[in-house]
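In: Attaching a predicted model along with its sequence, questions to come.
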Amino acid sequence: MTALARLEDQGDRAVVVNMNGTRRGALSPDLYVAINDAVALAQEPRIRAILLTSEGGFFCAGGDLNVLIERRELSEEQRRGKVDELHGVIRGLRAAPVPVIAAVEGGAAGAGLSLALAADLIVAETGAKFTAAYVKAGLVPDGGLTSSLARILPRPLAMEMCLLARPVTAERMEAQGAVNLVVPGEKVLTAAQALADRLAKGPPEAQRVIRQMMAEAYETREVDQLDRERNAMAQAAGGAEAGEGIAAFLEKRAPSFESD
C-alpha cells in the first residue's frame, strides 16, 4: 500500500509531508504517525522546528467522508476513540518542544484547518481557502477548532465559518492576524523554510519557554501569569543564552546560540 505521509529529518527540522494528494490531503493514519514521529524527533536538541506541508496542491481537507460513513456503524464510544486519535495528534503538536510551522497550499478544511491552527506560524498561498464546513454534513467541529477560532478570530467571523460554512481567504485570515504570511503558491514552502531557518538561529531554550508560557496564558489568570513570567525571566536572565544575546547586542554583532 502506498504511504500517504512521510517524515523527513532535515537536520535542524522535522518536516511532515502529507502525500494524500488524490484526496486533497485528507487525514490518514499515516499522517498521524508522521506527525507523532516528528514530535518525538523534536525531543532531540538539534531539531529546532516542525514543518507541516503537503503534496498535491492542498494542505489538508480534513476527515474523509467515506471513512466517516463507515464510522456510523461503530458505537458512540468507538467513535469517541477515533476522535481522540485526532485530538492526540493536536495535543502532541501543542506540547511539542519546538515551534510548529504550517505551509498551507490550496487551503485547509475541517480537521485540516484544526491541524493548521495547531501550528505556531502559518504561511499560506495567495487565495488559499480556510473552511470549517462541518455543518454542511450535519457535523460539528473537532480537533480543537472551536477553541482555536475563538482565540484568534472575532466571534462573528468564527460563527460565519462554523454556522454558514463560508470559506475565508488567506488574505482575510492574514488581516485578522491568524496567518503570518501570504505568498504565491510556488513560494509557500520556501517562505516556511525561511521561518525555520530564522528559528534555528534563535535561542532554543528561550523559544521553548516562550511557547510554553503563551500556551498557558490562554488558561491562566493574569495575576498568575505575571508570577510565571517573573520566574521565567529571572531564570532566563542568568542563563547562557541571555549572556550571549546581551553581549551580541552591546557588541553590535549577530548572536550565536548553540543547542545542547
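Out: Sure thing, it's come through.
In: Which residues outside the helix or strand bottoming out on mean pLDDT in the chain are in contact with it?
Out: One helix or strand of the chain scores below all others by mean pLDDT, DSSP states H and E: helix 65-71, with a mean of 85. Applying C-beta atoms under 8 Å, 6 or more residues apart in numbering, the external contacts of helix 65-71 come out as Gln78, Arg79, Lys82, Ala137, Leu139. From N, CA and C alone the C-beta is placed, and that goes for glycine too.
In: tell me which of those is nearest to Ala165?
Out: Ala137 (9.3 Å; C-beta to C-beta).
In: Give me the spatial nearest neighbour of the closest one, chain neighbours excluded.
Out: Counting by C-beta to C-beta, 6 or more residues apart in numbering, Leu65 is the residue found nearest to Ala137 once chain neighbours are left out, at 6.7 Å.
In: Distance-wise, check the one you found relative to Leu139.
Out: According to C-beta to C-beta, to the nearest Å, Leu65 stands 9 Å off from Leu139.
In: returning to what we had before: keeping just the C-alphas, turn the least confident helix or strand of the chain into CSV.
Out: Output of helix 65-71 as CSV, limited to C-alpha atoms (Å, rounded to 0.1, in the frame of the first residue of the first chain):
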residue,chain,number,x,y,z
LEU,A,65,-16.4,11.5,4.5
ASN,A,66,-16.2,7.9,3.2
VAL,A,67,-14.4,6.9,6.4
LEU,A,68,-17.0,8.9,8.4
ILE,A,69,-19.8,6.9,6.7
GLU,A,70,-18.2,3.7,7.9
ARG,A,71,-17.8,5.0,11.4
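In: Please pull up the helix or strand immediately following it.
Out: Using DSSP states H and E, the next helix or strand after helix 65-71 towards the C-terminus is helix 76-95.
In: what does that following helix contact?
Out: Here helix 76-95 makes contact (C-beta under 8 Å, 6+ apart) with 27, 32, 35-36, 39, 50, 71, 74, 100, 111, 114-115, 118-119, 142-144, 215.
In: likewise stretch 205-220?
Out: Stretch 205-220 is contacted from outside by 48, 94, 97-99, 120, 151, 199, 225, 228-229, 232, 236, 239, 241-242, using C-beta under 8 Å, 6+ apart.
In: Go ahead and flag the most central residue of this structure.
Out: Residue closest to the mean C-alpha point of the chain, counted by C-alpha atoms, centre = their mean, is Ala119 at 1.5 Å.
In: Give me the nearest residue to that one, chain neighbours excluded.
Out: Ala102 (3.8 Å).
In: ok, now Gly112?
Out: Cys60 (2.8 Å).
In: Convert the host helix or strand of Tyr32 to PDB, retaining C-alpha atoms only.
Out: Tyr32 is part of helix 29-41, with elements assigned from DSSP H and E. Provided in PDB are the C-alpha atoms of helix 29-41 (Å, rounded to 0.1, in the frame of the first residue of the first chain):
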ATOM      1  CA  PRO A  29      -3.300   7.100   9.800                       C
ATOM      2  CA  ASP A  30       0.000   7.600   8.000                       C
ATOM      3  CA  LEU A  31      -0.300  11.400   8.600                       C
ATOM      4  CA  TYR A  32      -1.000  10.800  12.300                       C
ATOM      5  CA  VAL A  33       2.100   8.500  12.600                       C
ATOM      6  CA  ALA A  34       4.300  11.000  10.700                       C
ATOM      7  CA  ILE A  35       3.200  13.900  13.000                       C
ATOM      8  CA  ASN A  36       3.600  11.900  16.200                       C
ATOM      9  CA  ASP A  37       7.100  10.800  15.000                       C
ATOM     10  CA  ALA A  38       8.000  14.400  14.200                       C
ATOM     11  CA  VAL A  39       7.100  15.400  17.800                       C
ATOM     12  CA  ALA A  40       9.200  12.500  19.100                       C
ATOM     13  CA  LEU A  41      12.100  13.500  16.900                       C
END
